[in-house]
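**Q** give me coordinates for this.
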Amino acid sequence: MNESKLSDHPMWRKRAAGTASRLLERILERRRPFIVLFHLGLAALSSYVAIWLRFDGVIPVENWAPWLRALPWLLLLRALTFARFGLYRGLWRYTDIWDLRNIVSAVAFSSLALYLLVHRAFGLTSYPRAVFMIDAGVLVLLMSGVRTLPRMITELRRTPGGRRVLVYGAGDAGEMIIREMRGGSGRPYQPIGLIDDDRAKVGLRIHGVPVLGTGHDVPAIIERFKPHEVLIAIPRAEPAAVRSIVRSLEPFKIPIKTLPNLRDLIDGKVDLAKIRSLSVEDLLVRSPVGLDIQPVKSLIAGRRVMVTGAGGSIGSELCRQIANLKPASLVMLDRYENTLHAIRVELDDRRRACRIIPVIGDVTDAARVNAVLGEHKPEIIFHAAAHKHVPLMEENPCEAVKNNVRGTRLLAQAADTHGVDRFILISTDKAVNPTSLMGASKRVAELVVQAQAVLSGTSFSIVRFGNVLGSNGSVVPRFLDQIKKGGPVTVTHPDIRRFFMLIPEAVQLVLHAASHSKGSATYVLEMGEQVKVLDMARHLIRLAGLVPEDDIKIDFTGLRPGEKLFEELVGDDEEVGPSAVKDILCVRSRRQPDPRLFARIDALERAASRGSTEVAIETMKDLIGTFGRVGDSTAEAVEHLPIQAAAADGSESRGGQPCPRCHAGRVCRSRARTVLERLEKVSTAQRLFRCDDCGWRGWLVPVQLGQHAPVDELPAVDLTILDAVTKSHAAPIRRSFSPRDLR
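**A** Now for the predicted structure:
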């Protein structure tokens with residue numbers, strides 16, 4: 001067999017490949033000497049190039065000899081400094097800015113040492129100074145170039161692939177994720193561009209990827225580049241900003257991805273593995289970062305705690321978080337065995353160190369409540385048991401009174417009798433200026449707790465918040481179910497707004513409020529701005545990968561009985577101020593407790609027990625004073641009364657102050673929609689107004705304008721008669737002035 005046939009033999013090829021592979025492995029195992037020699041070769045080459053450039057290729061003899069004499073010392077200094085700065089140990093395909101820093105530092109240090117050695121120690125003044133500088137620059141370029149060359153070859157050999165991604169956010173997170181996409185193995189993503197609301201960045205590039213425009217340019221960018229996905233790379237983004245981005249992407253059936261919030265990034269770094277689909281939780285307000293957990297631990301640890309309504313959405317989350325804080329025992333009271341069994345099994349599976357005591361019982365059963373408190377002797381009670389469904393309570397008002405009013409009264413009185421240290425009532429924003437029977441019953445429950453706190457050794461407090469995502473009766477699960485079935489999604493009113501918060505974070509703030517609670521105080525969770533329920537429905541449709549109105553229809557069904565257009569967290573007869581915890585406000589009533597309150601509540605409970613619905617409703621109206629049922633005058637009519645009047649009378653006949661923006665329309669009063677607006681309302685004589693013509697909304701001092709119809713002049717009053725009458729009566733004590741008196 002001749003040599004050519006032998007080389008073509010498969011066995012020979014296999015042996016040759018094996019030999020080459022083993023040789024390569026041995027070289028890699030002993031690659032350190034080769035790397036050192038390679039670096040020294042680059043050092044010698046750069047030194048020669050430097051002196052060659054200095055003399056334009058013609059090196060004089062008097063300069064050549066000093067260079068040859070200094071060359072061994074140069075190589076020795078380079079070798080030592082390169083070893084000191086770790087240049088022999090790096091993996092070149094992962095070269096980054098830190099390797100460049102080490103290269104520059106090593107070259108600069110060795111060049112300085114060589115200069116001192118040649119000019120000061122050896123006295124070789126004929127060695128040109130410029131050569132040191134040229135040599136250093138050329139060597140940095142050579143060493144950096146050979147390190148980046150493998151990455152450049154790899155990038156050039158790669159063909160574009162993966163899903164085309166449009167990255168929203170050209171900040172630090174955007175830069176890191178672009179770098180991961182461009183350099184990662186497998187390349188599952190191909191970044192085609194970035195979007196940033198900072199116009200100064202438009203036209204610039206990050207790792208070769210251009211910033212294509214701002215949020216206003218999203219439709220044109222998507223139409224032109226047709227990305228497969230949009231990635232929101234803004235870990236610090238507020239929920240309102242995320243909702244705005246989702247709103248701009250509504251017309252396009254493109255998946256929306258995001259990075260974890262900054263609070264969820266353990267190491268502060270982002271990578272491709274952390275990319276996830278955008279969820280509804282990203283659209284809602286989050287509790288503040290950095291809350292001190294120590295006060296909550298001090299409140300719960302080693303103490304006996306009881307939670308009523310433990311099987312409900314709020315009650316069960318309270319049990320989870322309280323169990324983590326290592327109480328001496330946790331008594332879970334609920335009337336429904338299935339939900340109570342579920343939370344009991346969950347906590348047992350987690351093997352919590354505390355003693356878990358599930359108790360079947362009804363807070364409206366006085367004997368059972370007293371028996372439970374007498375047996376287990378809780379030191380802290382979280383009262384979360386309540387009827388919360390507004391439409392159901394409109395149809396069953398007496399049951400709302402029995403559970404929400406009677407149950408709270410019995411439990412509060414039993415807590416006082418049995419020496420409970422703290423009692424915390426979980427209330428709702430619907431108790432503020434209520435228009436529903438559920439809200440009215442919860443407001444009466446608040447009055448019960450405030451009255452029970454008078455002269456009591458138990459610290460009674462109330463925590464009030466709005467809707468929580470995923471709770472029983474929340475609108476979000478209903479929307480998701482309707483989307484899953486193909487629609488339509490039903491919304492009661494296009495302008496209806498609600499507060500939304502995540503259950504775990506709402507409960508976290510409840511515990512923080514409880515740890516700082518003082519007698520008879522009401523605490524309000526700052527839940528951010530109210531979100532339009534219509535926007536929430538559209539966002540959920542969009543997050544499902546569908547387009548609102550095209551794929552899923554949205555129907556408006558009209559306000560339900562007892563439903564308001566927007567909720568409030570502070571009542572008209574309350575004062576609000578900061579508390580010791582960020583995003584928790586302290587509310588105190590300006591009304592003095594009614595000494596006849598419990599007698600009137602007894603009458604209310606008797607009416608509910610008899611099933612006397614009308615008597616119970618009238619009694620609640622009398623108790624809280626601000627209860628106006630939606631059936632009598634809807635919240636929609638209250639909010640839009642000026643608009644209806646304008647439609648009937650014409651814009652020319654409208655009274656009121658002129659709009660400061662358009663000057664053509666007339667403004668009408670607008671309700672405070674956030675806690676901040678209510679705080680400003682308390683501290684200023686100005687009030688909120690809105691213009692229905694141009695949409696302006698802001699603060700103005702109310703001005704009394706004349707009526708359109710002439711008013712007859714009133715007869716003069718004989719003031720001497722008034723003086724004679726007032727002299728016989730002692731002047732009443734006036735309360736302190738409040739800007740509300742200007743209304």
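**Q** dump the residue contacts of Tyr115.
**A** Each residue near Tyr115 by Cβ atoms under 8 Å, 6 or more residues apart in numbering is listed here: 129, 132. C-beta: built from backbone N, CA, C; applies to glycine.
**Q** what are the buried residues along the helix or strand harbouring it?
**A** Tyr115 belongs to helix 97-115 when elements are defined using DSSP states H and E. For helix 97-115, the neighbour count (16 or more other Cβ atoms under 10 Å) marks 99, 102-104, 106-107, 109-111, 113-115 as buried.
**Q** okay if I get the residues you listed as a markdown table plus pLDDT and distance to Tyr523?
**A** Listed next are these as a markdown table, based on pLDDT from 0 to 100; distance: Cβ to Cβ, whole Å:
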| residue | pLDDT | distance to Tyr523 |
| --- | --- | --- |
| Asp99 | 78 | 54 |
| Asn102 | 83 | 55 |
| Ile103 | 85 | 59 |
| Val104 | 88 | 58 |
| Ala106 | 86 | 61 |
| Val107 | 88 | 63 |
| Phe109 | 89 | 62 |
| Ser110 | 87 | 66 |
| Ser111 | 87 | 67 |
| Ala113 | 88 | 68 |
| Leu114 | 86 | 71 |
| Tyr115 | 85 | 71 |
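**Q** which other helices and strands contact the helix or strand following the helix holding Tyr115?
**A** Next helix or strand after helix 97-115 toward the C-terminus (DSSP H and E): helix 129-157. Packing partners of helix 129-157 (3 or more Cβ pairs under 8 Å, 6 or more residues apart in numbering; DSSP states H and E): helix 31-54, helix 97-115.
**Q** any idea which helix or strand comes after helix 129-157?
**A** Past helix 129-157, the next helix or strand by DSSP H and E is strand 163-168.
**Q** what strands flank that following strand, and is each parallel or antiparallel?
**A** Taking DSSP bridges as the criterion, strand 163-168 sits next to strand 189-195 (parallel), strand 229-232 (parallel) in its sheet.
**Q** go through those strands and name the closest to Pro397.
**A** strand 229-232 (45.7 Å; Cβ to Cβ).
**Q** pLDDT (mean, whole number) over that closest one?
**A** In this model, strand 229-232 has an average pLDDT of 87.
**Q** repeat for stretch 128-135
**A** Stretch 128-135 comes out at a mean pLDDT of 87.
**Q** and what of stretch 324-334?
**A** Mean pLDDT, stretch 324-334: 92.
**Q** gap between that stretch and the chain center?
**A** Averaging C-alpha positions (Cα atoms, centre = their mean, to the nearest Å) puts stretch 324-334 29 Å from its chain's average.
**Q** rewinding a little: out of the helices and strands packed on helix 129-157, which gets nearest to Ala385?
**A** Closest approach to Ala385 among the helices and strands packed on helix 129-157 (Cβ to Cβ): helix 97-115, 59.0 Å.
**Q** would you put the C-alpha positions of the closest one in PDB?
**A** Below are the C-alpha coordinates for helix 97-115, written out as PDB (Å, rounded to 0.1, in the frame of the first residue of the first chain):
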ATOM      1  CA  ILE A  97     -12.300  46.300  30.900                       C
ATOM      2  CA  TRP A  98     -10.500  44.800  33.900                       C
ATOM      3  CA  ASP A  99      -8.000  43.000  31.800                       C
ATOM      4  CA  LEU A 100      -7.300  46.200  29.900                       C
ATOM      5  CA  ARG A 101      -6.700  48.000  33.200                       C
ATOM      6  CA  ASN A 102      -4.200  45.300  34.200                       C
ATOM      7  CA  ILE A 103      -2.400  45.500  30.800                       C
ATOM      8  CA  VAL A 104      -2.100  49.300  31.000                       C
ATOM      9  CA  SER A 105      -0.900  49.200  34.600                       C
ATOM     10  CA  ALA A 106       1.700  46.500  34.000                       C
ATOM     11  CA  VAL A 107       3.100  48.200  30.900                       C
ATOM     12  CA  ALA A 108       3.200  51.600  32.600                       C
ATOM     13  CA  PHE A 109       4.900  50.200  35.700                       C
ATOM     14  CA  SER A 110       7.500  48.200  33.700                       C
ATOM     15  CA  SER A 111       8.200  51.200  31.300                       C
ATOM     16  CA  LEU A 112       8.800  53.500  34.300                       C
ATOM     17  CA  ALA A 113      11.200  51.000  35.900                       C
ATOM     18  CA  LEU A 114      13.000  50.500  32.600                       C
ATOM     19  CA  TYR A 115      13.400  54.300  32.200                       C
END
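**Q** where in the stretch 101-250 of the chain is pLDDT low?
**A** Applying pLDDT under 70 to the stretch 101-250 of the chain flags the ranges 151, 153-161, 183-187.
**Q** quick check: bridge partners of Val531?
**A** Under the criterion used (DSSP bridges), Val531 bridges to Arg498.
**Q** read off the pLDDT value for it.
**A** Val531 carries a pLDDT value of 80.
**Q** how about the contacts made by it?
**A** Contacts of Val531 by Cβ under 8 Å, 6+ apart are 243, 283-284, 497-500.
**Q** tell me the one of those residues nearest Ser517?
**A** Within the contacts of Val531, the smallest distance to Ser517 is 21.2 Å, found for Phe499 (Cβ to Cβ).
**Q** can you show me the helices along the stretch 551-700 of the chain?
**A** For the stretch 551-700 of the chain, applying DSSP state H, counting those that start in this stretch gives helices covering 597-610, 613-624, 635-649, 675-683.
**Q** hey, least reliable of these by pLDDT?
**A** Ranked by mean pLDDT, those end with helix 635-649 at the bottom, a mean of 35.
**Q** can you map out the helices along the stretch 201-350 of the chain?
**A** 218-225, 239-248, 294-300, 313-324, 337-349.
**Q** if I look at Glu446, how far off is Ile541?
**A** Counting by Cβ to Cβ, to the nearest Å, the gap from Glu446 to Ile541 is 37 Å.
**Q** hang on, I meant Leu194
**A** For Leu194 relative to Ile541 (Cβ to Cβ), the value is 27 Å.
**Q** repeat for His119
**A** Taken as Cβ to Cβ, the span from His119 to Ile541 is 76 Å.
**Q** burial check on Ile195, number of neighbours?
**A** 27 (other Cβ atoms under 10 Å).
**Q** so what's the residue lying closest to it once chain neighbours are set aside up against?
**A** Closest residue to Ile195 apart from its sequence neighbours, by Cβ to Cβ, 6 or more residues apart in numbering: Tyr168 at 4.8 Å. If you count contacts by Cβ under 8 Å, 6+ apart, Tyr168 has them with 194-196, 215, 230-234, 245.
**Q** is Tyr168 in a bridge, and if so with what?
**A** Ile195, Ile232.
**Q** so Ser277 sits right up against Ile254, yeah?
**A** No: counting by Cβ atoms under 8 Å, Ser277 does not reach Ile254; the two are 11.9 Å apart.
**Q** the more surrounded of the two?
**A** Ile254 (17 against 12).
**Q** what's the closest non-adjacent residue to the more buried one?
**A** Distances taken as Cβ to Cβ, 6+ apart place Val230 nearest to Ile254, at 5.6 Å, with adjacent residues excluded.
**Q** ok, the one you found touching Leu249?
**A** Yes: if you go by Cβ under 8 Å, Val230 and Leu249 touch, sitting 6.2 Å apart.
**Q** and Pro295, how far is that from Ser329?
**A** The value you get for Pro295 to Ser329, if Cβ to Cβ is used, is 21 Å.
**Q** which stretches of the stretch 451-600 of the chain form strands?
**A** For the stretch 451-600 of the chain, strands defined by DSSP state E, counting those that start in this stretch occupy the ranges 459-465, 467-469, 489-491, 497-498, 500-502, 521-525, 531-532, 554-556, 574-578, 584-589.
**Q** can you tell me which of those strands is nearest to Leu299?
**A** Ranking these by proximity to Leu299 (Cβ to Cβ) places strand 459-465 first, at 11.1 Å.
**Q** and the contacts of that closest one?
**A** Applying Cβ under 8 Å, 6+ apart, the external contacts of strand 459-465 come out as 412, 421-429, 431-432, 446, 449-450, 452-453, 499, 501, 506, 509-510, 513-514, 517-525, 527, 569, 587.
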